[in-house]
Structures are given as structure tokens and as C-alpha cells.
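Engineer: coords below, sequence missing:
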């Protein structure tokens, strides 16, 4: 009898150790399961094209066509007023200047969703101010120019007729329009860039940017230098 009890105890101990070992192995396998190799690759990248190619933001004088396929009585063409507001049929006044088209569509859905069930609204930008940049100061042809595609500061200088002999192109100023006015975005030494034949730091213009090149020191004082009458010129 004692032998049978001892044998049963040994069998139970062996089974207990075996089951415990399997559980530990299973837990180790769970812990050692490798993370998918593309886990970080599938994460949404920060920045990227959204910063390089920003969406168009609505501005005063833009004209929008709103179409309601199910409720055409709300179809309307609207123009953004100088203060950034629009007047919507059945809704009233809303401020939308500075919003992108997707953001404006969300605003419309919320506004008309208060009395229309799941409204379907098509938004079309019919007319808008074309992207532009401004060249001021000592350029061959200063003025306002249409901004077509990707344009750098150096390319914009060429579009504006290049520098005059009075320009200080070692100190070109890039100004960017922000809400409430202007801010100096960058000070560029384009003279050095061209001398080194290195335009890697030549920035791209944003719509509405202004580039300005001041007069050089010599041109400021030239008007106060008396002429000798001997045909001499100051370079």
C-alpha cells in the first residue's frame, strides 16, 4: 500500500512539473513574439506632403457654388465678403475666410444638418484669387506676379527682371503674410549663393509672399556726390 501511495505521488509531481513547464514555454513564446517588421513603417508620417503642399485657404472675393442634389431649393452661389463672412440660405452668416474646402464642407454639414437629414452638399470653387508673389525694391520689373507651380526666391528674382545696379542683393528680405499683417520670414544672401553656385538654401515661395531688395550703400550716397564735370562715373 505504501508503495502504491509513493508511486502515485511521484506521478502527480511529474505531471505538475510537465504542465508548469508548458505554461512557462507558452508565456515565453508570447513574450518573444516579434513585432511586425513594418510596424513603424505603417505609422502615419509626420509632416510630409501636407506641409510641402498646403491646401488652398478661402479668401475674400472667392466665389463658391453650393449644390444640394436632394434639396435643390438650397442651391446657391455665394461670394466671400471683405470681412470673411458669407450669407447662407436658411442658415445666416458664417465666417469662413482662412478655411480650406474640406473644412468648409464640414461646417456646411453641421449647419444644414440641424434641419436637414444627412444633407448631401457639393461645393465647387468657381472663382478665386490666383496665387501670386510680390517683388519690391531694386528689381528690374518690380510688381505683382502670378505664382505658377514651385518657384524659389532665385527664380522669382529672374521673373521680376533681376536686380538693378543699385540693389543690395546680399541682403534680400523674404516677407510672409500672416493673420494681422506681415512677418519677416527670412533674410537671404543671394549674392553669396550665386557666387558659390549653391542654391540648396534657396527657399520656395508661398502664395502671397513678398521679396524685397534694398538699395546698396553706394547708391544711397551717390546723389550727394558732386559731379566733377570730367566725365567720370562711379561704378
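Structural biologist: The structure has been received and is ready for your questions. Note that this is a predicted model, so its numbers are computed, not measured.
Engineer: any chance you could map the strands in the chain?
Structural biologist: In the chain, the segments counted as strands under DSSP state E are 63-67, 76-79, 85-88, 92-95, 122-127, 132-137, 143-146, 172-178, 181-188, 210-213.
Engineer: Point out the most buried one among the ones you listed.
Structural biologist: strand 210-213 (a mean of 21; mean count of other C-beta atoms under 10 Å). All C-beta atoms are positioned from the backbone trio N, CA, C, and that covers glycine.
Engineer: which strands and helices sit next to that one?
Structural biologist: strand 132-137, helix 153-159, strand 172-178 (3 or more C-beta pairs under 8 Å, 6 or more residues apart in numbering; DSSP states H and E).
Engineer: tell me the mean pLDDT for the second one?
Structural biologist: The one in question is helix 153-159. Computed over helix 153-159, the mean pLDDT rounds to 94.
Engineer: Give me the buried positions along that helix.
Structural biologist: 153, 156, 157, 159 (16 or more other C-beta atoms under 10 Å).
Engineer: Nearest to residue 115 among those residues?
Structural biologist: residue 156 (48.8 Å; C-beta to C-beta).
Engineer: which residues sit in contact with the closest one?
Structural biologist: 133, 135, 145, 205, 211 (C-beta atoms under 8 Å, 6 or more residues apart in numbering).
Engineer: what separates it from residue 120, distance-wise?
Structural biologist: 42 Å (C-beta to C-beta, to the nearest Å).
Engineer: ok, back up a step: pick the one among the contacts of residue 156 closest to residue 186.
Structural biologist: residue 211 (9.7 Å).
Engineer: For that closest one, report the pLDDT, please.
Structural biologist: For residue 211, pLDDT reads 95.
Engineer: same question, residue 69
Structural biologist: For residue 69, the predicted pLDDT is 96.
Engineer: Double-check it against residue 119; I have them as touching.
Structural biologist: No: in this structure residue 69 lies outside contact range of residue 119 using C-beta atoms under 8 Å: 9.7 Å.
Engineer: who's more crowded, these two?
Structural biologist: Neighbours per residue, other C-beta atoms under 10 Å: of residue 69 and residue 119, the larger number sits with residue 119, 18 against 10.
Engineer: which ones are touching the residue nearest to that one when sequence neighbours are not counted?
Structural biologist: Spatial nearest neighbour of residue 119, chain neighbours left out: residue 112 (4.4 Å); criterion: C-beta to C-beta, 6 or more residues apart in numbering. Applying C-beta under 8 Å, 6+ apart to residue 112 gives the contacts 74, 90, 91, 119, 121.
Engineer: Next, find the distance separating residue 112 from residue 73.
Structural biologist: 12 Å.
Engineer: now the helices for this structure?
Structural biologist: 2-32, 49-52, 101-112, 153-159, 190-196, 217-222 (DSSP state H).
Engineer: and the nearest residue in space to residue 185 that is not next to it in sequence, what does it touch?
Structural biologist: For residue 185, ignoring the flanking residues on the chain, the nearest one in space by C-beta to C-beta, 6+ apart is residue 176 at 4.0 Å. If a contact means C-beta under 8 Å, 6+ apart, then residue 176 has 182, 183, 185, 206, 208, 209 as its contacts.
Engineer: Pretty sure residue 87 sits against residue 93.
Structural biologist: Yes: taking C-beta under 8 Å as the definition, residue 87 is a contact partner of residue 93 at 5.4 Å.
Engineer: Show me how the record splits the protein into domains.
Structural biologist: 54-127, 132-220 (automatic domain parsing).
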